[in-house]
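A.B. asks: A predicted structure for the sequence below; I have some questions about it.
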Amino acid sequence: MNETRHAGDEVTLFVARRVEPGHEESFERWARAILDRATAHPGNLGTGLLRPAGPGEPWHLLLHFQDDAAFESWQQSPDRADCFARMDGHHVEVARRELHGMEGWFATTPAGAGCTPPPRWKMAVASTLAIAPLTVSASLLVTPHLADLPVVPRTLLMAPVISVLMTYLALPAVTRALRRWLFPA
């Protein structure tokens, strides 16, 4: 099923690079430098570096941007070009995937699972299992303290809290728990 791409979708770039034996330390320095520059780039929502699952396996870099414009700006940036100009030539890109929208939340697949996200219906189920307890908890614990506020300000206060908890706590926990179902071997 093809993902419909919307201009406002978040973009996660998933890149696998194979490193020549004996050059792992220099690659890691290079990777950390490019990820640090990407992190400082406007519209970046975070980066990650995953070590190889085993000997001879690729390293994985993840870069997450707020939208296509921020992603394209990074792709064309002098900072990115400078990092690639300083590359020592002992590593090569072996896979690259741009994930748009909800796909990016499922980009950190288990070792060996490849970089193909689960079907959208499985993402919807996992997201529902992650957000339901957050919504119920917020309704029971926080909303009563905000009852004097009109609905729009109350919602504007709660949405970022639930979003952060969803992104950094609930969804990672649910994807770990459902790993075999989301990413069957």
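C.D. replies: Arrived safely.
A.B. asks: show me where the protein has strands.
C.D. replies: In the chain, strands defined by DSSP state E lie at 11-19, 44-50, 59-65, 91-100, listed in chain order.
A.B. asks: Now do the contacts for residue 92.
C.D. replies: 17, 18 (C-beta atoms under 8 Å, 6 or more residues apart in numbering). Every residue, glycine included, has its C-beta placed from N, CA and C.
A.B. asks: Could you check how far it is from residue 34?
C.D. replies: 15 Å (C-beta to C-beta, to the nearest Å).
A.B. asks: do residue 24 as well
C.D. replies: As for residue 24, its distance to residue 34 is 16 Å (criterion: C-beta to C-beta).
A.B. asks: In terms of neighbours, single out the busier of the two.
C.D. replies: Using other C-beta atoms under 10 Å as the criterion, residue 24 and residue 34 rank with residue 34 on top: 22 against 15.
A.B. asks: number of nearby residues for residue 64?
C.D. replies: Each residue near residue 64 was counted by other C-beta under 10 Å, and the total is 24.
A.B. asks: For it, give me its contacts.
C.D. replies: 10, 11, 12, 13, 44, 45, 46, 47, 104.
A.B. asks: What residues are bridge-paired with it?
C.D. replies: Residues in a beta bridge with residue 64, per DSSP bridges, are residue 12, residue 46.
A.B. asks: so how far is residue 12 from it?
C.D. replies: If you go by C-beta to C-beta, the gap between residue 64 and residue 12 works out to 5 Å.
A.B. asks: again with residue 30
C.D. replies: Here residue 30 is placed at a distance of 21 Å from residue 12 (C-beta to C-beta).
A.B. asks: re the thing from before, pick out the lowest-pLDDT one from the contacts of residue 64.
C.D. replies: Lowest in pLDDT among those is residue 104, which has 56.
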